[in-house]
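# Just a sequence and a predicted model for now, questions to come.
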Amino acid sequence: MIPSVLIVDDEKHTREGLQQALAENYDVTIAASADEAFNLLDAQPFDVVLTDLRMPGKSGLKIIDKALALPHRPAVLMMTAYGNIETAVEAMRRGAVDFLTKPVNIERLEVLMQRALKTKTLEVEVQQLHERLDEKFKIEGIIGASLKLKAVIDKMKLVAPSRATILIEGESGTGKELIAQAVHQTSPRSRGPFVAVHCAALSENLLESELFGHERGSFTGATERRVGRFESADGGTLFLDEIGEISQSTQVKLLRFMETKSIERVGGSKLIELDVRLVAATNRNLEQQVREGKFREDLFFRLNVVRLHMPPLRERPEDIPLLLAHFIRILSKENEVPPLTVEAGALRTLQAYPWPGNIRELRNFCENAVVLRRGGSLTEFDLEPKFRGVASSESGTSPARIVVAPLVATSSLSVAANEKHLLREALLKARGNRTKAAELLGVSRRTLHRKLSQWPELDVLDR
């Protein structure tokens, strides 16, 4: 798309000359006064405004103010025949990207135009990033309507605007980092950095250097000074995931920061004061670790100012349909395939499954289903045996009966539908062997044959 430029100058030959010079690479509009420029700025968006400083009526400084107050902010370049330091400083203070003197050097103007467009593009990208972050991590963007999740969100709303340290507990895959990001995005620090450190992924020495930074020569291989994550998070939020994995020496340094709000780089002696909010997360029982002497009690109390407990997915099955719809919509779009339809029977079975991997496991399931089925519908009989409660044939066990995943209380299947469901499970478990299927069901082979005659579509299972 060709960049659009508005040239404002009361001198006819100047504005038309500039229009002719830029017309090959830009969509150029001209205005002879500030009032005319105001009308054009209100009528359409421009990428760049190139304006004279001194004109009859309103000056170019007023055009800067007008342009930068618009929702679609253009980059502004100022030009004048009366170039001086005071004018340049005032134009830049108002928000101009750069300053030119007349007569305008076209080559320099081209360079400044490209620089102005790059600056504007960067500003737009940053704004879009903030908007995406706000949308992704705002409280309303957390998927779920269960009472347990609502309780977490309500507590988070109370603590987010404060400076309080937060400890998030919960099993792996329950969304602890998402909650931490939501806390940051709904706090006064939302325009500051959010820095995440996964403590379990780093050794003790690497973790200390990663968190606190190091000075040149502080250890073998430290060839230059390194700024740590604490300094990177200054003015924002530092999220320490798996805090229960850190060593005793790192615990001491972390406690010192929480008491003094300052750190020392590894190998350094200078105190660096920081404004950082801590949010920590763990899938361990820190109180048990304190009793076992593996975690400092004083650090635990410092971290445990506000505790949020993320419930596992098995404790909020009513959120599973919402999460399925959310992930299937996103993943179908990413993979450019038609949306997958999950039928009622499959949904009931998925709600009854305990999801040991929690939301992470559910998302992986959705991606697998979307990629492999590429649209269409998903029934309960399309699910892997683990979802239907059928033991794996590779385990070597031969249970005397089929374990069928329980249905949620809202289901109202007929007796015939349940019979069909059990027959299918028996044939799948017996790998199509009708004698074994009859034994699993506790009925005679004749009865099994008679039942199968009612549902001929099940015959394919024993072939």
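Looks like it came in fine.
# all strands for the stretch 101-250 of the chain, in order.
Using DSSP state E, counting those that start in this stretch, the strands of the stretch 101-250 of the chain run over 166-169, 194-198, 237-241.
# Count the neighbours of residue 328 for me.
Around residue 328 there are 19 other residues, counting by other Cβ atoms under 10 Å. For glycine as for every other residue, the C-beta is placed from the backbone atoms N, C-alpha and C.
# Touching, it and residue 370? I think so.
Yes: taking contacts as Cβ atoms under 8 Å, residue 328 lies within contact range of residue 370: 6.1 Å.
# Overlap in contacts, the two.
In terms of Cβ atoms under 8 Å, 6 or more residues apart in numbering, residue 328 and residue 370 are both contacted by the residues residue 340.
# what ranges of the stretch 1-150 of the chain fall below the confidence cut-off?
For the stretch 1-150 of the chain, applying pLDDT under 70 flags the ranges 1, 82-85, 123-141.
# As a check, name the ranges of all strands in the stretch 251-400 of the chain.
Counting by DSSP E, counting those that start in this stretch, residue ranges of the strands within the stretch 251-400 of the chain are 262-263, 272-273, 277-282, 306-309, 341-342, 377-378.
# Could I get the buried residue list for the fourth one?
Along strand 306-309, these residues count as buried under the neighbour rule (16 or more other Cβ atoms under 10 Å): 306, 308.
# Give the partner strands of it in its sheet and their orientations.
Paired neighbours of strand 306-309 in the sheet (DSSP bridges): strand 166-169 (parallel).
# okay, the strand it pairs with in PDB with CA atoms only?
Only the C-alpha atoms of strand 166-169 are listed here, as PDB (Å, rounded to 0.1, in the frame of the first residue of the first chain):
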ATOM      1  CA  ILE A 166       1.200 -13.400  44.900                       C
ATOM      2  CA  LEU A 167       1.800 -17.100  45.300                       C
ATOM      3  CA  ILE A 168      -0.100 -19.200  42.700                       C
ATOM      4  CA  GLU A 169      -0.500 -22.900  43.500                       C
END
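# which other residues reach that strand?
For strand 166-169, contacts defined as Cβ under 8 Å, 6+ apart pick out 159, 176, 179-180, 183, 243, 278-283, 286, 303-310.
# Among these, name the buried ones.
For the contacts of strand 166-169, buried by 16+ other Cβ under 10 Å: 159, 176, 179-180, 183, 243, 278-283, 286, 303, 306, 308, 310.
# Would you mind measuring the gap between the ends of stretch 295-313?
This stretch, stretch 295-313, spans 28 Å end to end (Cα to Cα, to the nearest Å).
# Distance from the chain centre to it, please.
Between the centre of stretch 295-313 and the centre of its host chain there is 23 Å, according to Cα atoms, centre = their mean, to the nearest Å.
# Would you enumerate the residues in contact with the nearest residue to residue 95 once chain neighbours are set aside?
Once flanking residues are discounted, residue 95 sits nearest to residue 68: 4.5 Å by Cβ to Cβ, 6 or more residues apart in numbering. Residue 68 makes contact with 76, 94, 95 under the criterion Cβ under 8 Å, 6+ apart.
# Looking at those residues, which are in helices?
The helices, defined by DSSP state H, take in residue 94 from the contacts of residue 68.
# Test my guess that residue 226 contacts residue 209.
Yes: contact criterion Cβ under 8 Å: residue 226 and residue 209 qualify, at 6.6 Å.
# Comparing those two, which residue is more hemmed in?
Neighbours per residue (other Cβ under 10 Å) separate residue 226 from residue 209, with residue 209 holding more: 22 against 17.
# Against residue 384, how distant is the more buried one?
From residue 209 across to residue 384, the span is 43 Å (Cβ to Cβ, to the nearest Å).
# Then residue 437?
Distance from residue 437 to residue 384, by Cβ to Cβ: 19 Å.
# try residue 65
If you measure residue 65 against residue 384 using Cβ to Cβ, the figure is 63 Å.
# do residue 336 as well
According to Cβ to Cβ, residue 336 and residue 384 sit 25 Å apart.
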